[in-house]
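> Need coordinates for the following:
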Amino acid sequence: MSFDKTDELVVNTIRALSIDAIEKANSGHPGLPMGAAPMAYTLWKNHLNFNPKSVEWFNRDRFILSAGHGSMLLYSLLHLSGTLPMEEVKNFRQYGSQTPGHPEYGHTDGVEITTGPLGQGFAMSVGMAMAEKHLAAQFNTETHNVIDHYTYVLASDGDLMEGISHEAASLAGHLELDKLIVLYDSNDISLDGDLSMSFSENIKERFESYGWHYELVEDGNSLTEIDRAIEKAKETKQPSMIEIKTIIGYGSPNKSGKSAAHGAPIGSDERVLAFENYGLDSNKDFHVEDSVYDRFNETLASRSSEKEAEWNKLMEDYKEKQPELYKALINGIEGKLAEDYANNLPKYEVGTKKATRGNSSDMLQNLSKTVPTLFGGAADLASSNKTNVVDEEDFLKDNYKGRNIWFGVREFGMAAAANGMAAHGGVFPYVGTFFVFSDYLKPAVRLSALMGLPVTYVFTHDSIAVGEDGPTHEPIEQLAGLRAIPNLKVIRPADGNETRVAWKVALESKTTPTALVLTRQDIEVIDVEEDTLEAGVRKGGYIAYDKGDDAIVFATGSEVPLAINAAEKLHEEGVNIKVASIPDMQTFLSQDKEYIDSVLNKHIENRTAVEMAASLGWHRFVGMDGKLLTIDTFGASAPGDLVMEKYGFTVDNLVNIIKEN
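Numbers count the residues shown, from 1 in each chain. Sure thing, here's the model as predicted:
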């Protein structure tokens, strides 16, 4: 496709808007927008299907600015396409604006995911491409190609240096995600200086070894060469890496090609010189010629509007010809569950024993039958996490319809991919690993919570009861760390019945991720009336055992049956106590004061908290003078029962602690 002088004007206008917004804010990263404007514009003009008047159109192409520090590039594109008002461009990085320092999902129309922590945008795009492949295989028919779109990424050197990029790129190549196309802004400059000081990889050989298609564009200002490379990428049967050599801060005579253009405004004097190089009037700030708006309207907007109209017509026919598939797809897109989706979830008899990881597996086997867009797997631990659905096929390059994902030993990449799936929409993603390895993927969990994405994390082997694997595999501080993340539900269920409710809470969530923290060892089902348990888990805490007010014990997970057994022994000795199960501490503490007080029972002076984890947080329940049976050291290697005994998690020891004055 040919380019003309107007195209050149559009590119320079993108650069100028970015410079002006950053100068006005006196904060930002101008170098990337100035250097990468040609590749971004070429993509948006000739290839991207994104309708500015219908930004939620489901079959749109996704554009991910993984190099989120260059956010003004995206905001300039969104403004010129008619999505973002100029007033918001002028309010760049200001409180309450739609143009925050890094793009934020759910905050600005046209922003597909929150980016800024480098590498994660790249990895989330892999999840988006996986979701597209899976939904296409599940719902497309010979006559109705209802899911068919690309995921485009603009990545920086920093994205490709982060370790997560290796995990994600390896997985994408293995799965042959051919509708994933990455534009790499290769400018040889990092924030601190020349890239050669820290990075000398052969990108071509690296990505070809992953199984990617590779293209090199030597002139990052050549719209024709960039366009040709994208066309080639769309013809391949592999994910594509297009390395585009650019000059950071292009047009700035004194700062281009230098790290000085990376993370700070170029300054008013340099702005004048850059505008002169662009052929623009430096006396006009935030200025856009009508021809620039017209070019976006006659290319991106008109093409995408036509594509959406065609898709809407196709969907009407799909609804008529394939009503069941249509309903399942729409429910997935809208995140709807069937009213009876949980009717057949198993319930467990009091006194029976099973590990909550096994209970979780029971739930998954049943939920897969009633939630057709449930989609997930584990980081090479499905056999331990019990996340494999036995009646479902595997998601592989020759079977994208499969619902069991083999993520391999890529915990961080796995979690980021799940975020991409959730942001893409249409599926209910879940992922699994050992709880101690939540440390490997915590940055992605944080982004789940920040974006409000309902990803379910299945964390098993939740305590020192792991035993022989020792302190490297025995979580201690992880519960406190995850509980500190805003907008994250951390649920540690006490038995199979609490696990059933926990899965329901996770699937019914719309704007909150959920971490299910589950045992390896068998634990006893507690005796609680069903309605009380259901309401209590949903509220984060409840009284699970009540014989009187001599003392109260607060516990989570496997320690709830332990506490109840200790309470029964004390009851035989004439000491009558309460036991509170607190499966979700944050949710419990968010309830109204009346409910919290009804569980805390502050009038009871004898107060104990028991949890096989760090003590941090439990003083809110027992007070500074309360008793704690917790762990503020690392674990040990020995059989699980012996480790628990050595650390004091026995009925007799808990009884003695409660009886202490």
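> residue ranges for the helices of the stretch 351-500 of the chain, please.
Remark: helices assigned in the stretch 351-500 of the chain by DSSP state H, counting those that start in this stretch are 356-370, 382-385, 411-424, 438-451, 478-483, 496-508.
> Compare these and give me the one nearest residue 556.
With CB to CB as the measure, helix 478-483 is the member of the helices of the stretch 351-500 of the chain nearest residue 556 (8.0 Å). Every residue, glycine included, has its C-beta placed from N, CA and C.
> for the record, mean pLDDT for that closest one?
Here helix 478-483 scores 98 as its mean pLDDT.
> Tell me which other helices or strands it touches.
Helix 478-483 sits against helix 438-451, strand 489-491, with contacts defined as 3 or more CB pairs under 8 Å, 6 or more residues apart in numbering; DSSP states H and E.
> quick one: contacts of the last one?
Judged by CB atoms under 8 Å, 6 or more residues apart in numbering, the contacts made with strand 489-491 from elsewhere in the structure are 479, 482-483, 502, 505-506, 509, 512-517, 537, 583-587.
> Tell me, how many residues neighbour residue 206?
Using other CB atoms under 10 Å, residue 206 is surrounded by 16 other residues.
> what residues does the helix or strand hosting it touch?
Element membership for residue 206, per DSSP states H and E: helix 203-210. By CB under 8 Å, 6+ apart, the residues outside helix 203-210 that reach it are 160, 169, 170, 172, 173, 174, 184, 186, 214, 216, 241, 243.
> Next, the angle from the next helix or strand after it to helix 203-210.
Next helix or strand after helix 203-210 toward the C-terminus (DSSP H and E): strand 213-217. Calculated by axes from the mean of the first three to the mean of the last three CA atoms, to 10 degrees, strand 213-217 forms an angle of 170 degrees with helix 203-210.
> What strands flank strand 213-217, and is each parallel or antiparallel?
Partner strands for strand 213-217, per DSSP bridges, with pairing direction: strand 240-245 (parallel).
> Show me how far the strand it pairs with is from its chain's centre.
Here strand 240-245 is found 26 Å from its chain centre; the criterion is CA atoms, centre = their mean, to the nearest Å.
> just stretch 619-628 next, same as before
Computed by CA atoms, centre = their mean, the chain-centroid distance of stretch 619-628 equals 34 Å.
> now stretch 421-435
A distance of 8 Å separates the centroid of the chain from that of stretch 421-435, by CA atoms, centre = their mean.
> try stretch 436-450
With CA atoms, centre = their mean as the basis, stretch 436-450 stands 8 Å off its chain's centre.
> can you pull the buried residues of it?
Buried positions in stretch 436-450, judged by neighbour count with 16 or more other CB atoms under 10 Å: 436-438, 440-450.
> Domain map for this structure?
Per automatic domain parsing, the domain ranges recorded for the chain read 5-306, 353-524, 539-659.
> Next, the distance between the ends of the last one.
End-to-end span of domain 539-659 (CA to CA, to the nearest Å): 30 Å.
> ditto for the first one
Distance across domain 5-306, first residue to last, is 26 Å (CA to CA).
> Give the rounded mean pLDDT of that domain.
Here the average pLDDT along domain 5-306 is 98.
> centre of the chain versus it, how much separation?
Offset of domain 5-306 from its chain centre (CA atoms, centre = their mean): 20 Å.
> Share the number of residues neighbouring the closest residue to residue 437 other than its chain neighbours, please.
Using CB to CB, 6 or more residues apart in numbering and skipping the chain neighbours, the partner closest in space to residue 437 is residue 411 (5.3 Å). Number of residues near residue 411 (other CB under 10 Å) recorded here: 26.
> Same question for residue 242.
24.
> Check whether it really touches residue 229, as I assumed.
Yes. Residue 242 lies in contact with residue 229 (CB atoms under 8 Å); the separation is 4.8 Å.
> buried sites along the strand or helix carrying residue 121?
Using DSSP H and E, residue 121 sits in helix 120-139. Within helix 120-139, the residues that count as buried by 16+ other CB under 10 Å are 120-136, 138-139.
> Check stretch 475-495 too.
For stretch 475-495, burial by neighbour count (16+ other CB under 10 Å) applies to 475-476, 478-483, 485, 488-495.
> Likewise for stretch 51-62?
Residues 51, 52, 55, 57, 58, 59, 60, 61, 62 are the ones in stretch 51-62 that count as buried (16+ other CB under 10 Å).
> Before I go, just wanted to say thanks for your time.
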